[in-house]
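Student: here's a sequence, model it:
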Amino acid sequence: MILLKQAVILVGGKGTRLRPLTNDCPKPLLPVEGRPFLDYLIVQLKEQGIEEIILLTGYLGEQIKKQVGDGSRYGVKIHCAQGNENFETGKPLKMIEKLLRKHFLLLYGDNYWEAFDLKKLIDFYDQQKTRALVCIFDNHLNTTTNNCYVEESLVKNYDPSRKNPKSNGVEIGFFILEKSIIEEMPKDNLSFEKVVMPQLIKQKQLAAFMTSHRYYSVGNHDTYYDLCRYLRSKKTIFLDRDGVINRKSLPGEYILTPEQFEFLPGSIEGIKQLKAKGYHLIVITNQAGIGQGQLTKKNLEKIHSKMLNELKENGAKVDRIYYCPHDWVNPCSCRKPGGGMMYQAALDFDLSLRHTTFIGDDRRDMMLGHNMGCKTLLFKGGDRLDDFISNNNL
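Tutor: Residues are numbered from 1 along each chain as shown. Purely as a prediction, here's the structure:
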């Protein structure tokens, strides 16, 4: 396994798409929930075991250096390498060639990916045996435009124009690179993405670590405000439906009518307690009966209408219900333990899934919560939701 303790962050851009916010403030120092954006990246790297960070500064670089100092207040060593603000992304890397370790992590200074897990990246990199790795967002909810084509865990094409119809992902940075790649680069003022990446792709040396976890950016006004909403603290709990809120049907059977829907003892009281504590509540439920033809979407809407009305009558509510209508035999991304419903909720409500809680009652729920990085709690048969909430300090 490679030893990776050094990260390099490109923070030299002018931030022209964020004017006038960046007239007097470099993009990495724009405030996000009361903190400079760059702080989030540094703290994230420290938590992942990075010991040394090199910041490739340019535009208003002296402000960045003043903000981070030597890194001691973050618990890491930070070195600022000042370059010309007109440098492309390759030139600053060549400039610090002698400071680089055998392997290092390369980040863009305007992207935030909360699902970043350095150990997983290193494990994947070791398996692929390539000289470089880059993280690719699969863009399954079409939140942006693809710029990479990935096949068999390798990047086969990078298209900065984003016009290639075959593209199936978005390059988000978080590279693992061999130092030798930088040593082989010319000293010209070149773009790493437009010159070096295509060379690695041609050599079949750029592995693709695919992720379904959305990334956020401070690239322009819209994405900057999306990021601010995303990192704003939201107390959110996901609830499974059958077995947590209402009585389950017998194995192999489904709740098909409103009359068959019966709240579990303590569930209304528990939901009311959670709302009183300021939680945003989202229900996610597999409803394979639709795919099997036993349950219609119209009847499911009636069942949920009964549930919502009865909650309202008792001073309680849930904020949204997501359901998967697919049968077990039809592959889909939304059926638990797949993450489709949670990803959609995260998009709809700007949620950081790692800061949410999921209460479920079976193995699939536990797998889903673990995969999403949620705090995951197992609700057992015989539990009352109101007591469960108190016992788990929610």
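Student: can you name the next helix or strand after the longest strand along the chain?
Tutor: For the chain, the longest strand by residue count, based on DSSP state E, is strand 170-178. With elements assigned by DSSP states H and E, the helix or strand that comes after strand 170-178 is helix 179-183.
Student: list the buried residues in that next one.
Tutor: Using 16 or more other Cβ atoms under 10 Å as the test for burial, helix 179-183 gives 179, 181, 182. For the C-beta atoms, the positions are set from N, CA and C on the backbone; glycine is no exception.
Student: gap between the second one and residue 310?
Tutor: Look at residue 181 and residue 310: by Cβ to Cβ, to the nearest Å, they are 61 Å apart.
Student: same deal with the first one?
Tutor: In this structure, residue 179 lies at 63 Å from residue 310, with Cβ to Cβ as the measure.
Student: nearest residue to the residue nearest the centre of the chain other than its sequence neighbours?
Tutor: Using Cα atoms, centre = their mean, the residue of the chain that lies closest to the mean C-alpha position is residue 213, 3.6 Å off. Distance criterion Cβ to Cβ, 6 or more residues apart in numbering; nearest residue to residue 213, sequence neighbours excluded, is residue 115 at 3.5 Å.
Student: in three-state terms, label that neighbour for me.
Tutor: Recorded secondary structure, residue 115: coil (DSSP: H, G, I helix; E, B strand; the rest coil).
Student: who's in contact with it?
Tutor: Neighbour list for residue 115: 211, 213, 354, 373 [criterion: Cβ atoms under 8 Å, 6 or more residues apart in numbering].
Student: thought the third one was touching residue 114?
Tutor: Read that as residue 354. Yes. If you go by Cβ atoms under 8 Å, residue 354 and residue 114 touch, sitting 5.7 Å apart.
Student: the more surrounded of those two?
Tutor: The neighbour count for residue 354 versus residue 114, taken as other Cβ atoms under 10 Å, is higher for residue 114 (17 against 12).
Student: thought that one was touching residue 174?
Tutor: No. Using Cβ under 8 Å, residue 114 makes no contact with residue 174, being 11.7 Å away.
Student: how many other residues sit next to residue 102?
Tutor: As a burial measure, residue 102 scores 11 neighbours (other Cβ under 10 Å).
Student: how close does it get to residue 153?
Tutor: Between residue 102 and residue 153 the distance, using Cβ to Cβ, works out to 23 Å.
Student: dihedrals phi and psi, residue 335?
Tutor: When read as degrees, to the nearest 10, the backbone of residue 335 gives phi -70, psi 120.
Student: next one: residue 385
Tutor: Torsion angles at residue 385 (phi, psi; degrees, to the nearest 10) stand at phi -60, psi -40.
Student: next, the contact list for it, please.
Tutor: With contact set as Cβ under 8 Å, 6+ apart, residue 385 has these partners: 244, 245, 264, 266, 267, 269, 270, 271, 359, 379.
Student: go with 10 Å
Tutor: Residues near residue 385 by Cβ atoms under 10 Å, 6 or more residues apart in numbering: 239, 244-245, 263-274, 359, 379.
Student: how far away is the closest residue in space to it that isn't next to it in sequence from residue 237?
Tutor: The shortest distance from residue 385 to any non-neighbouring residue, by Cβ to Cβ, 6+ apart, is to residue 270 (3.0 Å). Note on residue 270: its distance to residue 237, by Cβ to Cβ, is 10 Å.
Student: which neighbouring elements make contact with the helix or strand containing residue 123?
Tutor: Element membership for residue 123, per DSSP H and E: helix 118-128. Helices and strands touching helix 118-128, by 3 or more Cβ pairs under 10 Å, 6 or more residues apart in numbering; DSSP states H and E, are helix 37-47, strand 103-108, strand 132-137, strand 170-178, strand 206-211.
Student: export it to PDB, keeping only CA atoms.
Tutor: What follows is helix 118-128, C-alpha atoms only, in PDB (Å, rounded to 0.1, in the frame of the first residue of the first chain):
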ATOM      1  CA  LEU A 118      -8.700   8.600   1.500                       C
ATOM      2  CA  LYS A 119      -8.300   5.000   2.600                       C
ATOM      3  CA  LYS A 120     -10.900   3.900  -0.100                       C
ATOM      4  CA  LEU A 121      -9.000   5.900  -2.700                       C
ATOM      5  CA  ILE A 122      -5.700   4.400  -1.800                       C
ATOM      6  CA  ASP A 123      -7.100   0.800  -1.700                       C
ATOM      7  CA  PHE A 124      -8.600   1.300  -5.200                       C
ATOM      8  CA  TYR A 125      -5.400   3.000  -6.500                       C
ATOM      9  CA  ASP A 126      -3.300   0.000  -5.300                       C
ATOM     10  CA  GLN A 127      -5.700  -2.400  -7.000                       C
ATOM     11  CA  GLN A 128      -5.600  -0.600 -10.300                       C
END
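Student: and it, what's buried?
Tutor: 118, 121, 122, 124, 125, 128.
Student: tabulate the residues you listed (a markdown table), appending distance to residue 387.
Tutor: Output for the buried residues of helix 118-128, formatted as a markdown table (distance: Cβ to Cβ, whole Å):
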| residue | distance to residue 387 |
| --- | --- |
| 118 | 39 |
| 121 | 41 |
| 122 | 42 |
| 124 | 42 |
| 125 | 46 |
| 128 | 48 |
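Student: which strands and helices sit next to the lengthiest helix in the chain?
Tutor: Ranked by residue count under DSSP state H, the longest helix found in the chain is helix 297-313. On a contact count with 3+ Cβ pairs under 10 Å, 6+ apart, helix 297-313 meets helix 267-276, strand 280-286, helix 288-291, strand 320-324.
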